[in-house]
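J.: Provide a 3D model corresponding to the input given below.
(2 chains)
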Amino acid sequence: MSLTKADVIKIAHLARLAIDEDDIPVSLRDLSNILYFVEKMNAVDTTDIEPMAHPLAATQRLRPDQVTEGNQRTRFQAVAPQVEDGLYLVPKVIE
Amino acid sequence: MTHNEIPLHKKSIAALSAMLQQGTVTSVALVELFLERIHQLDPQLNSFITVIPEQALQQARAADQRIAAGTSGPLTGIPLAHKDIFCTEGIRTSCASRMLDNFIAPYDATVVNRLHAAGMIVLGKTNMDEFAMGSSNETSFYGPVRNPWDVTRVPGGSSGGSAAAVAAGLVPAATGTDTGGSIRQPAALCGITGLKPTYGRVSRYGMVAFASSLDQGGPLARTAQDVALLLGAMAGFDERDSTSVDRPVENYAQHLSGSVDGLTIGVVNEHFGEGLDSNVAARIESALREYERLGAKIRRISLPHSALSVPAYYVVAPAECSSNLARYDGVRYGYRAEGPSSLEEMYKRSRAEGFGAEVKRRIMIGTYALSAGYYDAYYLKAQKLRRLIGEDFNSAFASVDVIMGPTSPTVSFKLGEKLADPVTMYLSDIFTIAVNLAGLPAISIPAGFVDGLPVGLQIIGNYFDEARLLNVAHQYQQVTDWHEQAPPGFE
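T.: Numbering: from 1, shown residues only, chains lettered A, B, ... in the order given. As a prediction, this is how the structure comes out:
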């Protein structure tokens, strides 16, 4: 299917990807080509076929609801862009 | 040439291990040799992102002590490289992305832990397609990897650095991951052996996620025997991976000697149609005749839905990728854009600047396929096709033991040749992708050359039939020497 410029802007927003006005035509072309390609799937009738989410039809394994990991906040925050007093810092959300 | 005249960097792990045990070489000497080769030769290939000489030598000294003390195993002291998708505590794990250029994992992946426990020495982290998304190793933030057989050509991808490094004799073995062919296709294009195990056989814990229902780690090395040794150490149940399968690991290296006499090989009609290079087809036919000489029988089979595996994959994989990569938000780790004025701008710019073009393309396709109103037409449709593709294999394995065919439709292509057209690039994986959708194991082994460039034979097995795959591959390598060839300039 062919996307529109508005579609590309909306998808980029949903994906939280900034997109330059200049890059939209190339994205539009590439994404449309890929969607056109994947629509070859429609050559097969899949009515009444059960979707397959896991190759081995396995179900999610559960474990007892117990604390198994100790607090490692300092180690994990060592790779954070910006922290203060154990908190992650981001731009102000509410004025 | 007698066995002893083979230079150390071309010897198999099994041969190096025997020398280490006999005391005719030390782990320190091996590590120094391979580090020197990386230093001398890798500027031509760009197969490593990070090399860690000091840590490697320190580990090698410890390995030599264990060997002297008699407490070592068959992999103790053998150098190894990890694809830069496996988390390594204290050593950068970049996934070949600007997003993770500054990321140092606070823990080791299970695969890293297991190979360390087996005594292997990590020399560094190998280059790859960004977040494992690519078939040519050209999407790396650190630049493309070059194929040692012709440095104007691609090594394949996404585990291109691992494959090129092993092929060039820069390291005897490397880890890789395979979501749609990312171990097998570069192994084929670089002329080495690479195995994608059954989904769930090798833990995904600490392996940066791309498409979680398809991703599977596995080994790359020169021979099937080496791959068997490596898989034995990598595989096994891990409670930290909720999709890990709790099932005993066979001693793969002990099961290589079986005869292939009476083996039934399925050959897929659809694999020999349009798109397959005729010279590659001739090499594959020749390999099949070799198996017939060894007593195997060929049975022509059909996988009627295999042609639709690439379209289905390019819905399933991007959908899972868009979900997995939502975690890169510039808040907790990874790249953050300079001076954003709002939280939303920080997310959007961090992601736009941190990800490369192919990763963004796949995130957008996945976002679209999962968005309201399109889910049934794309994602659900692809999951239904996935069932049909899996059932094709189930039917086939009722009458054959293994399936053989080309790993890739062509030999290695030129750098830049397919980069401008994503769909053409996606078709590079036409023979490998169905295996991931079905969750089956498959191996690629060297099967000759076309114009001096390697051709890979893919052998697909039934679920958890890795021991048979390795045995069948090993028997071919007992009567051929394609896997012993080294690229000119890297002998």
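J.: Kindly list the longest helix within chain B.
T.: Selection of the longest helix in chain B by residue count, based on DSSP state H, yields helix B:27-45.
J.: List the buried residues in that one.
T.: By neighbour count on 16 or more other CB atoms under 10 Å in any protein chain shown, the buried set for helix B:27-45 is B:27-35, B:37-38, B:41-42, B:45. The way it works is simple: take the backbone N, C-alpha and C, and place the C-beta from them, glycine included.
J.: where do the helices sit along the stretch 151-300 of chain B?
T.: B:160-167, B:184-190, B:224-234, B:278-293 (DSSP state H, counting those that start in this stretch).
J.: nope, chain A is what I meant
T.: A:5-14, A:24-38, A:73-77.
J.: thinking again about what came up before, run the chain-centre distance for the longest helix of chain B.
T.: 21 Å (CA atoms, centre = their mean, to the nearest Å).
J.: And the contacts of it?
T.: Contacts to helix B:27-45, defined as CB atoms under 8 Å, 6 or more residues apart in numbering or on different chains, come from residues B:8-9, B:16, B:20, B:48, B:51, B:53, B:56-57, B:59-61, B:63-64, B:67, B:76-79, B:121, B:123-124, B:145-146, B:148, B:151, B:155, B:164-165, B:168-172, B:489-490.
J.: doesn't residue B:448 make contact with residue B:485?
T.: No - assessed by CB atoms under 8 Å, residue B:485 is found out of contact with residue B:448, at 9.5 Å.
J.: For residue A:42, give me its contacts.
T.: residue B:381.
J.: Let me know the distance separating it from residue B:251.
T.: Going from residue A:42 to residue B:251 by CB to CB, to the nearest Å gives 47 Å.
J.: Equivalent analysis for residue B:217, please.
T.: 20 Å.
J.: just residue B:363 next, same as before
T.: Taking CB to CB, one finds residue B:363 at 42 Å from residue B:251.
J.: More neighbours: which of these two?
T.: Neighbours of residue B:363 and residue B:251, each counted by other CB atoms under 10 Å in any protein chain shown, are more numerous for residue B:363; the result is 28 against 11.
J.: Dihedrals phi and psi, the more buried one?
T.: phi -60, psi -40 (degrees, to the nearest 10).
J.: same thing with residue B:121?
T.: The phi/psi pair for residue B:121 (degrees, to the nearest 10) is phi -110, psi 120.
J.: That one pairs with what?
T.: residue B:79 (DSSP bridges).
J.: who's in contact with it?
T.: Neighbours of residue B:121 in contact, by CB under 8 Å, 6+ apart: B:27, B:30-31, B:56, B:59-60, B:63, B:77-80.
J.: just residue B:12 next, same as before
T.: B:172, B:221-223, B:225-226.
J.: Pull out the buried residues from the residues you listed.
T.: Of those, these count as buried by 16+ other CB under 10 Å: B:172, B:221-223, B:225-226.
J.: In chain A, what residue comes closest to chain B?
T.: residue A:55 (2.3 Å; CB to the nearest CB).
J.: can you tell me how far the nearest residue to that residue once chain neighbours are set aside sits from residue B:236?
T.: Computed as CB to CB, 6 or more residues apart in numbering or on different chains, the closest residue to residue A:55 that is not its neighbour in sequence is residue B:439, at 2.3 Å. Distance, residue B:439 to residue B:236, by CB to CB: 17 Å.
J.: Likewise for residue B:416?
T.: The value you get for residue B:416 to residue B:236, if CB to CB is used, is 41 Å.
J.: Those two: which is more packed in?
T.: residue B:236 (17 against 12).
J.: Now for that one: which residues touch it?
T.: Counted by CB under 8 Å, 6+ apart, residue B:236 has contacts B:114, B:202-203, B:249.
J.: Where does pLDDT dip in chain B?
T.: B:1-4 (pLDDT under 70).
J.: Let me see the domain layout of it.
T.: Using automatic domain parsing, the domain ranges for chain B come out as B:3-266+B:398-484, B:307-383.
J.: How far does the longest one sit from its chain's centre?
T.: I take that to be domain B:3-266+B:398-484. With CA atoms, centre = their mean, you get 5 Å for domain B:3-266+B:398-484.
J.: can you check the last one too?
T.: When C-alpha coordinates are averaged (CA atoms, centre = their mean), domain B:307-383 and its chain have centres 23 Å apart.
J.: and the residue nearest to residue B:98 when sequence neighbours are not counted, how many neighbours?
T.: Counting by CB to CB, 6+ apart, residue B:98 lies nearest to residue B:141, which is 4.7 Å off, once chain neighbours are set aside. For residue B:141, the count of nearby residues is 19 (other CB under 10 Å).
J.: quick one on the thing from earlier: which among the buried residues of helix B:27-45 gets closest to residue B:177?
T.: residue B:45 (19.7 Å; CB to CB).
J.: could you check the distance from the closest one over to chain A?
T.: Taking CB to the nearest CB, to the nearest Å as the measure, residue B:45 falls 29 Å from chain A.
J.: what's the spacing between that residue and residue B:38?
T.: From residue B:45 to residue B:38 the distance is 9 Å (CB to CB).
J.: Would you mind checking which helix or strand in chain A has the lowest mean pLDDT?
T.: Counting by mean pLDDT, DSSP states H and E, chain A has its least confident helix or strand at helix A:73-77, which shows a mean of 93.
J.: hmm, that one touching chain B?
T.: Yes - against chain B, helix A:73-77 shows contacts by CB under 8 Å from any CB of the partner chain at A:75-77.
J.: In chain A, which residue sits furthest out from the middle?
T.: residue A:85 (30.1 Å; CA atoms, centre = their mean).
J.: phi, psi of that one?
T.: According to degrees, to the nearest 10, residue A:85 has phi 50, psi 40.
J.: Please name the residues that touch it.
T.: No contacts exist for residue A:85 under CB under 8 Å, 6+ apart.
J.: okay but the residue nearest to residue B:98 is in contact with residue B:96, surely?
T.: Yes - because the distance of 5.5 Å satisfies CB under 8 Å, residue B:141 is recorded as touching residue B:96.
J.: between those two, what contacts are shared?
T.: residue B:130.
J.: now residue B:259: how far from residue B:163?
T.: From residue B:259 to residue B:163 the distance is 30 Å (CB to CB).
J.: more neighbours, those two?
T.: The residue with more neighbours, out of residue B:259 and residue B:163, is residue B:163; 37 against 11, by other CB under 10 Å.
J.: With adjacent residues omitted, what lies nearest to the more buried one?
T.: residue B:186 is the one closest to residue B:163 (CB to CB, 6+ apart), at 3.6 Å.
J.: same deal with residue B:17?
T.: That would be residue B:74: by CB to CB, 6+ apart, it lies 5.0 Å from residue B:17.
J.: which residues are contacting stretch A:62-81?
T.: Contacts for stretch A:62-81 (CB under 8 Å, 6+ apart): A:83, A:86, A:88, B:102-104, B:106, B:239, B:330-334, B:336.
J.: Give me the buried positions along it.
T.: Neighbour counts over stretch A:62-81 (16+ other CB under 10 Å) mark A:77, A:79-81 as buried.
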